[in-house]
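# I would like to see how this sequence folds:
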Amino acid sequence: MTASTTTPGSPAATERPFYSENYKRLVLFLLVVAYTLNFIDRTIISTIGQAIKVDLKISDTQLGLLGGLYFALLYTMLGIPIARLAERFSRVNIIAVSIVIWSGFTALCGTASNFVHLAAYRFGVGVGEAGLSPPAHSLISDYFEPKKRASALAVYSFGIPLGSMFGAVIGGFMLDHFTWRTAFMLVGIPGILIAIALKLLIKEPPRGHSEPGAETAEARERPPYSLAAEFREMGIVIATLFGKWPVLNMVLGVTLVSFAGYGGGQFAPPYFIRTFHLSYGEVGLITGLAGGISSGIGTLLGGWLTDKLARFGPRWYALVPAIGITLAFPFIVAVYVAPTWQMAAAFLLLPGLFSYVYLGPTFGVIQNMVPTYRRATATAILFFFLNLIALGGGPPFAGWVIDHFAAFHLAHPGQPGFWAAVQSMFTGEATSFQTACPGGVAPAGAPASAAAACDGSLVLATRHGSILSYAVSLWGALHYFLGSFGLAKALAKARADRGEA
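Model (predicted):
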């Protein structure tokens, strides 16, 4: 798989291994599998959430917290210290241990007997998943040269739609045949096997291995560890991400688009169940396959298209996401106003094709803006900001909006309009719906009219709340457009600072 060669003129005749293209593809494949499991364990709660809601008698706000903040809090907090460890120690070992941790806590979610227990285990899942992407981005950047980096990171990001798709399909199947508890236990097991495979098959490459004409990080004299040095390194990365106009706007863009996607996506399966009364298995197939295939193609297309268009100027790293995200929104609205599930499913094939082009270009720019020995840290700081706001806030925001809209529609059945519901957001009392319709359904023994009122108001609320949540992506598209200005100059300076040829 590899052969060692000596780089002429390198300090102390540093061994610089050669990695074949087939081996690099194997590494990328294993990391994609790991990221797929990451997203299955992270997002399966959106598919089985309706069953959890009814079983544990919780609100959509609580459901959003389980899918968002309670996972994201420790996930984001621990990402940076784990990334600092990844800058000095084996990234492969860190990834393998992290997979074992999050897989174990996912399985434990199936034993939860109440909301508090489930919330605690979701915190644990976040602890483990914090150790994957920062070291993985750093590994990929050492295996793939800059001109292929956006494409490679897009392939890695393919784990997002792939994991979301498998999570939806598996979760729906398990609920049709078993329970939501069994679903959690089942998806937690495979992680142990992939952790072992990663440890045995992936080699730790030298830092900066793929940089053209640049000195590898191993050849640099690294300062001894100190708390002051660690904070100084993080400060430099923060200044790069938030102190440079084009990079700042791309960070804001990916954060807002992810906020919309996590929020709206959390309630896409419940929408199909509530509106069209389909089974969990049917909804899993619809949202998993239709949404997963389109977003998967969009993810790969974004990396490939951007690397091609970047030959005409680096601005395309920001313009491709801006255009794609804007084009996606009308199709998202079409999903939620379609009169039949067949039409909604057909429209669901289109948004991901356009919106998911943002992943590869964004991660490529972030990696190319920092030196090799700060790349895991750059990803961790990006994910800290992105996930604390987007993953931590998106699903709870969507759930909060749906709860308020449901209370409004229950109290005002003659005003089914979207704008009327929006205007009521800060005036209605969301708990009134939860009291009248615990778990979103009328209490046992309630008259048929009460059951119809609960069902109808929840359908309208989920439709309107999802559209409002996804609309935040247009704000993100604006920041991507703004980020296209000055991007070429910022990337050129970053290359010069690294001493690249």
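# where's residue 331 relative to residue 343, distance?
12 Å (CB to CB, to the nearest Å). C-betas here are computed from N, CA, C, even on glycine.
# who has more neighbours, the two?
The residue with more neighbours, out of residue 331 and residue 343 and counting by other CB atoms under 10 Å, is residue 331; that gives 19 against 13.
# apart from its neighbours in sequence, what residue is nearest that one?
residue 350 (4.1 Å; CB to CB, 6 or more residues apart in numbering).
# if I look at that neighbour, how far off is residue 40?
Going from residue 350 to residue 40 by CB to CB gives 24 Å.
# out of the two, which sits in the busier spot?
In terms of neighbours (other CB under 10 Å), residue 40 is the more surrounded of residue 350 and residue 40; the figures are 26 against 19.
# gap between the host helix or strand of the more buried one and the chain center?
Using DSSP states H and E, residue 40 sits in helix 21-56. Distance of helix 21-56 from its chain centroid, counting by CA atoms, centre = their mean, to the nearest Å, is 10 Å.
# quick thing: my sequence starts at 488, can you match it?
Right, with 488 as the first residue, what we last looked at is helix 508-543.
# any weak-confidence spans in the stretch 588-737 of the chain?
For the stretch 588-737 of the chain, the stretches with pLDDT under 70 are 698-712.
# where do the helices sit along it?
602-616, 620-630, 633-644, 646-664, 667-675, 677-688, 714-730, 732-753 (DSSP state H, counting those that start in this stretch).
# will you turn those helices into CSV that also has distance to residue 558 and mean neighbour count?
Shown next, in CSV, are those (distance: least, CB to CB, whole Å; neighbours: other CB atoms under 10 Å):
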stretch, distance to residue 558, mean neighbour count
helix 602-616, 5, 20
helix 620-630, 14, 27
helix 633-644, 19, 23
helix 646-664, 13, 23
helix 667-675, 13, 22
helix 677-688, 16, 17
helix 714-730, 23, 14
helix 732-753, 10, 25
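# what's the closest of those to residue 864?
helix 714-730 (5.1 Å; CB to CB).
# the closest one to helix 732-753, inter-axis angle?
90 degrees (axes from the mean of the first three to the mean of the last three CA atoms, to 10 degrees).
# can you list contacts of helix 714-730?
Residues outside helix 714-730 that contact it (CB atoms under 8 Å, 6 or more residues apart in numbering): 567, 571, 574, 710, 734-735, 738, 853, 856-857, 861, 864-865, 868-869, 872.
# just stretch 874-881 next, same as before
555-556, 558-560, 562-563, 566, 742-743, 745-751, 753, 956.
# export it as CSV, just CAs?
C-alpha atoms of stretch 874-881 as CSV (Å, rounded to 0.1, in the frame of the first residue of the first chain):
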residue,chain,number,x,y,z
ASN,A,874,-23.2,22.9,15.4
LEU,A,875,-23.9,24.9,18.6
ILE,A,876,-26.1,27.2,16.6
ALA,A,877,-27.3,25.0,13.8
LEU,A,878,-27.6,21.5,15.3
GLY,A,879,-28.2,22.9,18.8
GLY,A,880,-30.7,25.5,17.8
GLY,A,881,-32.2,24.3,14.5
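# distance from that stretch to the middle of the chain?
The answer for stretch 874-881 is 10 Å, by CA atoms, centre = their mean.
# before we move on, back to that, could I get the helices of the stretch 588-737 of the chain as JSON lines with distance to residue 951?
What follows is these, written out as JSON lines (distance: least, CB to CB, whole Å):
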{"stretch": "helix 602-616", "distance to residue 951": "26"}
{"stretch": "helix 620-630", "distance to residue 951": "33"}
{"stretch": "helix 633-644", "distance to residue 951": "30"}
{"stretch": "helix 646-664", "distance to residue 951": "23"}
{"stretch": "helix 667-675", "distance to residue 951": "26"}
{"stretch": "helix 677-688", "distance to residue 951": "37"}
{"stretch": "helix 714-730", "distance to residue 951": "34"}
{"stretch": "helix 732-753", "distance to residue 951": "12"}
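# which one of those helices lies nearest to residue 938?
Short answer: helix 646-664, nearest of the helices of the stretch 588-737 of the chain by CB to CB, at 21.8 Å.
# shouldn't residue 756 be in contact with residue 772?
No: applying CB atoms under 8 Å, one finds residue 756 not in contact with residue 772, separated by 10.7 Å.
# please enumerate the shared neighbours of those two.
655, 659.
# the two - which one has more neighbours?
When neighbours are counted by other CB under 10 Å, residue 756 and residue 772 differ, and residue 756 comes out ahead with 28 against 18.
# contacts only, for that one.
533-534, 536-537, 655, 659, 770-771, 774.
# which pLDDT does the model give residue 958?
On pLDDT, residue 958 comes in at 96.
# distance of the residue nearest to residue 818 from residue 754?
Residue 837 is 19 Å from residue 754, by CB to CB.
# thinking again about what came up before, ChimeraX command for the buried members of the contacts of helix 714-730?
Restricted to buried positions by 16 or more other CB atoms under 10 Å, the ChimeraX selection for those reads:
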select :567,571,574,734,735,738,853,856,857,861,864,865,868,869,872
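# and the contacts of helix 714-730, which is the shakiest by pLDDT?
Least confident of the contacts of helix 714-730 in the model: residue 710, at 60.
# residue 596 contacts residue 607, doesn't it?
No: assessed by CB under 8 Å, residue 596 is found out of contact with residue 607, at 9.5 Å.
# so who does residue 551 touch?
Taking CB under 8 Å, 6+ apart as the test, what residue 551 contacts is 750, 753, 882-887.
# among the residues you listed, which two are most distant?
Farthest apart among the contacts of residue 551 - using CB to CB - are 753 and 887, which lie 11.7 Å from each other.
# ok, and the closest non-adjacent residue to the residue nearest the centre of the chain?
Here the mean C-alpha position of the chain is nearest to the C-alpha of residue 647 (CA atoms, centre = their mean), at a distance of 6.2 Å. Once flanking residues are discounted, residue 647 sits nearest to residue 526: 5.4 Å by CB to CB, 6+ apart.
# separation between that neighbour and residue 626?
In terms of CB to CB, residue 526 sits 18 Å off from residue 626.
# ditto for residue 724
Distance, residue 724 to residue 626, using CB to CB: 18 Å.
# residue 900 too?
Look at residue 900 and residue 626: by CB to CB, they are 55 Å apart.
# kindly report the same for residue 863.
9 Å.
# what does residue 854 give?
In terms of CB to CB, residue 854 sits 11 Å off from residue 626.
# how about the nearest residue to residue 672, chain neighbours excluded?
Nearest in space to residue 672, with sequence neighbours left out and distances taken as CB to CB, 6+ apart, is residue 597 at 4.0 Å.
# same check, this time on residue 533
Using CB to CB, 6+ apart, the nearest residue to residue 533 is residue 753, at 4.8 Å.
# one more: residue 635?
Once flanking residues are discounted, residue 635 sits nearest to residue 794: 7.0 Å by CB to CB, 6+ apart.
# so which helix or strand takes in that neighbour?
Residue 794 belongs to helix 779-796, assigned by DSSP H and E.
# just the buried positions in that helix, please.
Buried residues in helix 779-796, defined by neighbour count with 16+ other CB under 10 Å: 779-794, 796.
# tell me the average confidence for it?
Rounded mean pLDDT across helix 779-796 is 85.
# that helix - contacts with which helices or strands?
helix 633-644, helix 646-664, helix 803-824, helix 838-842, helix 846-855 (3 or more CB pairs under 8 Å, 6 or more residues apart in numbering; DSSP states H and E).
# which one, of these, ends up nearest to residue 589?
Nearest of the helices and strands packed on helix 779-796 (CB to CB): helix 646-664, 12.2 Å.
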